[in-house]
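> Sequence first, then the predicted structure:
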Amino acid sequence: MENKSIMRSTYIFAGLFLIIILYFSYYLIAKSDSQMNNSYNKLTDKLSETTVRGIIYSRDGKVLAESKTDDEGNEYRYYPYGNLFCHGVGSLDYGKYGLEALYNYQLLSSDVSWISKVLDDLKGEKYKGNNVISTFDLELQKQAYDAMAQYKGAVIIMEADTGKVLTMMSNPSYNPNEAKDNWDTISNDENSPILNRATMGLYTPGSIFKLFTLEEYLEEGNDTEGYSFTCTGSVNIDGQSINCADRQRHGTLNLMGSFAHSCNGSFINIGSSLDIESFNKLCDRMLFNSKLPIDFPYKESSFSLSSDDNEFLKAQAYFGQGETLVTPIHMALISSAVANGGVLMKPMFVERIENTYGSTVTKYEPEEYTRLFSKEQADVLKEYMRSVVETGTAVRLNQFKNLTVYGKTGTAQIDNGNAANSWFIGFAEKDEKNYVITVVCEGVAKNISPAITVAGDILKVLD
């Protein structure tokens, strides 16, 4: 009996030891990068004493961030394009963020030969840190920045098949080269230039949410060929009037026409036939109220609807008003999955890490995150999104020679109906390559749709 007890204890301790070994192995393999890049990790600060921080490049080889030395020999970080990449590339002053934070350890690591390090030591020079080659496209970023000059909001452009983020811009922004001398002014600015609206901005979606209402209607097997609704410009719900945009009377519409012309009345009618529990499950599957596969700090989009809600609240939810909130990056991921046959790729912000001599240290490959739609579902949604551009609310984007554009527009009322968020979500197809584009212009006059104009100005670069 005593031997059995000893053996039992031995097995228990051996098992615990194995668990500890496995945990540390997992920690070193899966968590090492995130821990080394943690802003609270003082080890990386020590590395800056021996290593010159590496360069961050655009995908086409333009320097986006580099270390320089002033006349007194002090190192400082310089951003050649000022405001242009302040949210994506980030900054070192007053807390690291952007790629500067996410790849902090890599930028302060020096993967060169020991001979090179010995020579640097003999010369009394610091090692040269690794360089980060981002996925950002300089020309597209410039075009987005110029197109959004007079609007608050965000633009995201990404490749659907790889997940590479070519553009991520947020307006207003600030010049990180001036942060050290002007931080009080920047941090207290009521327009929040520090906020990365592309990932952290929560917006009422308006009619872009109709994509989800439509998908639920289709998944429940409702009639698509025989659907018909006659729009008179408004509907009355519980004694309250809900209007179509500009009180437009759309007349009699089929299902595709309802989506193309973004008829609120029709989508209230569509929504009233849906199973609310199933609708909630669909939105959860579409990454509402859940984590997103990105490394940048972000806010979760939120959706909630209950059978106990009053009819007016339900009606608002069906066409994207009410309490639903979304982020631009989330909407970009949804469009990306539609464009990519239903498969969502994990967003990529960095293509590779190179040492100072240009040799690849780490190469990042496109990674499938999940399947949001079947291939057949994605193809159907593409048809509906194409109708928006061919005959509907985004017909202004049906003008390009080399691009076939798909999308959904939205005008979300805010500030008690006195202003609106203008949206365009979708993608442009060129030579079997799909470029996802998401634009939101916040707090604009409710009778204009600048997001469509902004999207058109940016897509000219791709045409």
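Looks like it arrived, so ask away. Computed from a predicted structure; not experimentally measured.
> C-alpha only now, for contacts and for neighbours.
Fine.
> Nearest the middle, which residue of the chain would you pick?
residue 329 (2.1 Å; C-alpha atoms, centre = their mean).
> Tell me the spacing between residue 59 and residue 129.
Distance, residue 59 to residue 129, using C-alpha to C-alpha, to the nearest Å: 19 Å.
> Comparing those two, which residue is more hemmed in?
Between residue 59 and residue 129, counted using other C-alpha atoms under 10 Å, residue 129 has the larger neighbour count: 25 against 19.
> per-residue pLDDT, the more buried one?
Residue 129 is assigned 94 on the pLDDT scale.
> and what of residue 433?
At residue 433, the pLDDT value in this model is 95.
> what's the burial count for it?
Burial of residue 433, expressed as a neighbour count using other C-alpha under 10 Å, amounts to 15.
> next one: the one 3 residues further on
A count of neighbours around residue 436, defined by other C-alpha under 10 Å, yields 32.
> my guess is it contacts residue 336, does it?
Yes. In this structure, residue 436 is within contact of residue 336 by C-alpha atoms under 8 Å, at 5.9 Å.
> Spell out which residues are contacts of both of these two.
Jointly contacting residue 436 and residue 336 under the rule C-alpha atoms under 8 Å, 6 or more residues apart in numbering are 158, 159, 160, 426, 427.
> if we take those, which one ends up nearest to residue 299?
Lowest distance from residue 299 to the shared contacts of residue 436 and residue 336 (C-alpha to C-alpha) belongs to residue 158, with 19.1 Å.
> Just give me the neighbour total for the nearest residue to that closest one once chain neighbours are set aside.
Sequence neighbours aside, residue 165 is the residue nearest to residue 158 in space, at 4.2 Å (criterion: C-alpha to C-alpha, 6 or more residues apart in numbering). For residue 165, the count of nearby residues is 22 (other C-alpha under 10 Å).
> One more: residue 357?
Residues near residue 357, counting by other C-alpha under 10 Å, number 11.
> Quickly note the distance from it to residue 295.
With distances taken as C-alpha to C-alpha, residue 357 is found 27 Å from residue 295.
> what does residue 307 give?
Counting by C-alpha to C-alpha, the gap from residue 307 to residue 295 is 35 Å.
> Which one's more surrounded, the two?
Neighbour totals were compared for residue 307 and residue 295, and residue 295 leads with 14 against 10 (other C-alpha under 10 Å).
> so that one makes contact with residue 102?
Yes. With contacts defined as C-alpha under 8 Å, residue 295 counts as touching residue 102 at a distance of 7.5 Å.
> From the shared contacts of residue 436 and residue 336, pick the one nearest residue 212.
Using C-alpha to C-alpha, residue 426 is the member of these that sits closest to residue 212, with 13.7 Å.
> isn't there a helix covering the closest one?
No. Secondary structure of residue 426 (DSSP: H, G, I helix; E, B strand; the rest coil): strand, not part of a helix.
> That one: what's it in contact with?
Residue 426 makes contact with 332, 335, 336, 385, 405, 406, 407, 408, 436, 437, 438, according to C-alpha under 8 Å, 6+ apart.
> same check, this time on residue 207
Residue 207 sits next to 262, 264, 319, 320, 408, 409, 410, 411, 412 when contact means C-alpha under 8 Å, 6+ apart.
> any chance of these in TSV, plus secondary structure, neighbour count and pLDDT?
Formatted as TSV, the contacts of residue 207 follow (DSSP: H, G, I helix; E, B strand; the rest coil; neighbours: other C-alpha atoms under 10 Å; pLDDT from 0 to 100):
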residue	secondary structure	neighbour count	pLDDT
262	coil	25	95
264	helix	27	94
319	coil	30	94
320	coil	28	93
408	strand	30	98
409	strand	31	97
410	strand	27	94
411	strand	31	92
412	strand	26	90
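> Out of these, the closest to residue 288 would be?
residue 320 (13.3 Å).
> looking at it, residue 256 is touching residue 382, isn't it?
No. Using C-alpha under 8 Å, residue 256 is not in contact with residue 382; the gap is 11.3 Å.
> any residues in contact with both of these two?
Counting by C-alpha under 8 Å, 6+ apart, no residue touches both residue 256 and residue 382.
> circling back: got a list of contacts for the host helix or strand of the residue nearest to residue 158?
Using DSSP states H and E, residue 165 sits in strand 165-171. With C-alpha under 8 Å, 6+ apart as the test, strand 165-171 has contacts from 84-85, 87-88, 135-137, 140-141, 144-145, 148-149, 151-159, 193, 195-198, 347-349.
> Parallel or antiparallel, which strands does it pair with?
Counting by DSSP bridges, the strands paired with strand 165-171 are strand 152-159 (antiparallel).
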